[in-house]
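>>> could you work out the structure for the sequence below:
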Amino acid sequence: MAGEGATLMFDDGLLGRWVRGAKAGDRASFDALIQAHQSLVLRLAQRLLLNQAEAQDAAQEVFLRLHRSLTRIEEQRALEPWLYRTTVNICHDLRRKRRKLVALDLAGHVATRQAGPAETLEAAERQAMFESALLCLGDRERTAIVLRDLEGLSTAETAGILGTTESTVRTQIASGRLKLKQWIDVNYRRTR
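Predicted coordinates:
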């Protein structure tokens, strides 16, 4: 997989052993699966929900479902597509339950390198603007953009996760990008 979250530091054999161990009831193997995939799931949930607390709840639900679904998980197949699809579905369910979207808490977004106060403020403003712009998108457009542009998945992978065609994904991304550009143009000009 091409996405930044899809490049794990573990080989397929090790992941397969963890799946086999988790199926056999080995808690350490299941914990290792969680450790190996939790940043991918949490990052995706944060990008889809734009709310850190809800993203953590969604990630917890993903791993609960993984535990309940272990018997259906194939050891030879990559786990990431199942995790992407399940995370997307859980986030959609959460958004349906709460119609009002809340912006992500920016306190968790601290620059990774030592930045000065002006750089840190500018980065936080850009992040807040982008997150606000994501709010203008519908669920399908936001999900397609998060998976394709932010997670780095291919159009085919995104279509597979969303259960749609590549053509539909391309349309959703083009429409979403146009709406993002328009929103940023209008709101950036208003603030400058």
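
>>> in the chain, where's the longest helix?
Of all segments of type helix in the chain, defined using DSSP state H, the longest is helix 166-191.

>>> mind listing what's buried along that helix?
By neighbour count with 16 or more other CB atoms under 10 Å, helix 166-191 contains the buried residues 168, 169, 172, 173, 175, 176, 177, 179, 180, 183. Every residue, glycine included, has its C-beta placed from N, CA and C.

>>> with stretch 124-139 instead?
For stretch 124-139, by 16+ other CB under 10 Å, it's 131, 132, 133, 134, 136, 137.

>>> do the same with stretch 76-86
Applying 16+ other CB under 10 Å to stretch 76-86 flags 79, 80, 82, 83, 84, 86 as buried.

>>> among those, which are in helices?
Filtering the buried residues of stretch 76-86 for helices - DSSP H - leaves 80, 82, 83, 84, 86.

>>> format those residues as CSV; extra columns: distance to residue 160 and pLDDT.
Shown next, in CSV, are those (distance: CB to CB, whole Å; pLDDT from 0 to 100):
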residue, distance to residue 160, pLDDT
80, 11, 91
82, 11, 93
83, 13, 95
84, 9, 95
86, 13, 95
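
>>> and of these, the nearest to residue 19?
The nearest member of these to residue 19, counting by CB to CB, is residue 82 at 10.8 Å.

>>> I'd guessed the closest one sits against residue 73; true?
Yes. In this structure, residue 82 is within contact of residue 73 by CB atoms under 8 Å, at 6.8 Å.
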